[in-house]
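1. sequence first, then the predicted structure, then my questions.
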Amino acid sequence: MNRIWIHLIAAAILASSAPAWAVNPDEVLSDPLLELRAREISKGLRCLVCQNQSIDDSDADLAKDLRVLVRERLVAGDSDSTVLEYVVSRYGDFVLLKPPFKGATLVLWLGPLVFVGFGLFAMISFMRRRRTADGFIAPADSKAASRPSSSHAPLTADEQRRIKELLRDDHA
Amino acid sequence: MQSRFLYILPVLVFLVMAIYFAVGLTKDPKILPSALIDKPVPEFSLPAIEGGYGKGFTSEDLKKGKVSVLNVFASWCIPCRAEHPFITRLAEMKIAPVYGLNYKDKAAEALRWLKELGDPYFAIGADTKGRVGIDWGVYGVPETFIIDGRGKIRYKHVGPLNQEALDEKILPVIRKLSK
């Protein structure tokens, strides 16, 4: 029962992914589950002749050979990761459209995070500096921050009168 | 002083990245580093071109204690035609046997090609399905590999050989490995 459902779902997914037709009909495996895995693997493998297409999308000869190879390995019982290792061992990491996370690619993966972190740090320190400059909060001293700072001396009677005048004008 | 440094920092970061990318732009993205450098040659056994002569060769032939060259070629490959005189020149120097891997070729056309241009190869193996080519990480023809005496791949040249590549890359590597 369960198996039938899996097959149906796989068939539905396959049917909905029809537009990429680099895969020739004669390459398609009869087992829809294996074919689905083959398609997923193929989508992650770079066609080295055209470079910015996956082998699933490419009409190049080598892409076809690799698609057939991926399917052969799957039929022989290899797991997805074994198949990928097989191809990577021959063509290097470049064959993977998504670069793996490892020492040599740390900058690639973590670089953007470092930049965002740096930006946030710069933004926060800029804003804090501006607030202190305006005199609302003195930095790094919570006692000082809770007291009104010296630049905010109470208004004189004269100033109070002018404010009242200004407000009255506004509402007139 | 510290705040001035903070203002200059983004400019410095930009400069470093600009230099990095500028260097990257001068490199040819079509030339990939081989994943097989310093790895043993893949196991294979290739027959001779059908209807031809010789008896092909196997991975064992590349492990006989002598530096050897493996050249991937095909009659349908136009740059191979341009490369042929230099492969011939390399073979005639007799400093290393040059094996030919005839990649995904039709036997009759391969034989006609060799008859027309001459056969510089020590031995030729026919990889009609291209499967051995995949094991070697071949992604474009012509490609040339240099294998040391213990059967390890030590150098790979992608694209047609010319005099410059021969003088500056191939020959020095062969001489170094032959010592």
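-> Sure, I can see it.
2. does B:L46 touch B:Y103 like I think?
-> No - with contacts counted by CB atoms under 8 Å, B:L46 stays clear of B:Y103, the gap being 10.5 Å. Bear in mind the C-beta positions are built from the backbone N, C-alpha and C, glycine included.
3. can I assume B:V72 is in contact with B:V98?
-> No - in this structure B:V72 lies outside contact range of B:V98 using CB under 8 Å: 11.5 Å.
4. re the thing from before, between B:L46 and B:Y103, which one's more packed in?
-> A direct count of neighbours by other CB atoms under 10 Å in any protein chain shown for B:L46 and B:Y103 places B:Y103 higher, at 27 against 23.
5. skip the chain neighbours and tell me the closest residue to the residue nearest in space to the middle of chain A.
-> Nearest to the mean C-alpha position of chain A, by CA atoms, centre = their mean, lies A:W109 at 9.5 Å. Of all residues beyond its chain neighbours, the one nearest A:W109 is A:F101 (5.5 Å), with distances taken as CB to CB, 6 or more residues apart in numbering or on different chains.
6. before we move on, back to that, between B:L46 and B:Y103, what contacts are shared?
-> With contacts taken as CB atoms under 8 Å, 6 or more residues apart in numbering or on different chains, B:L46 and B:Y103 have B:D127 as neighbours in common.
7. tell me the pLDDT at A:S146?
-> Turning to A:S146, the model gives it a pLDDT of 50.
8. those helices in chain B, which residues are they?
-> Assignment of helices within chain B using DSSP state H yields the ranges B:2-25, B:78-92, B:107-117, B:131-135, B:163-165, B:171-178.
9. dump those into JSON lines; add distance to A:R128 and mean neighbour count as well.
-> Supplementary listing: these in JSON lines, determined by distance: least, CB to CB, whole Å; neighbours: other CB atoms under 10 Å in any protein chain shown:
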{"stretch": "helix B:2-25", "distance to A:R128": "13", "mean neighbour count": "10"}
{"stretch": "helix B:78-92", "distance to A:R128": "62", "mean neighbour count": "17"}
{"stretch": "helix B:107-117", "distance to A:R128": "74", "mean neighbour count": "16"}
{"stretch": "helix B:131-135", "distance to A:R128": "59", "mean neighbour count": "19"}
{"stretch": "helix B:163-165", "distance to A:R128": "59", "mean neighbour count": "12"}
{"stretch": "helix B:171-178", "distance to A:R128": "59", "mean neighbour count": "15"}
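10. dump those into a markdown table; add mean pLDDT as well.
-> Listed next are these as a markdown table, based on pLDDT from 0 to 100:
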| stretch | mean pLDDT |
| --- | --- |
| helix B:2-25 | 86 |
| helix B:78-92 | 96 |
| helix B:107-117 | 96 |
| helix B:131-135 | 94 |
| helix B:163-165 | 95 |
| helix B:171-178 | 94 |
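11. pretty sure the residue nearest to A:W109 contacts A:L110?
-> No - here A:F101 does not reach A:L110: they are 9.1 Å apart, not a contact under CB under 8 Å.
12. ok, back up a step: output the helices of chain B as TSV; include the columns distance to A:N24.
-> Formatted as TSV, the entries for the helices of chain B read as follows, by distance: least, CB to CB, whole Å:
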stretch	distance to A:N24
helix B:2-25	36
helix B:78-92	26
helix B:107-117	24
helix B:131-135	18
helix B:163-165	37
helix B:171-178	40
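13. of all these, which one comes closest to chain A?
-> The minimum distance between chain A and these falls on helix B:131-135, with 6.3 Å, by CB to the nearest CB.
14. report all helices and strands that that closest one contacts.
-> Applying 3 or more CB pairs under 8 Å, 6 or more residues apart in numbering or on different chains; DSSP states H and E, one finds that helix B:131-135 makes contact with helix A:61-75, strand B:98-103.
15. tell me which of the ones you listed is the most buried.
-> Comparing the helices and strands packed on helix B:131-135 by mean neighbour count (mean count of other CB atoms under 10 Å in any protein chain shown), strand B:98-103 ranks first with a mean of 26.
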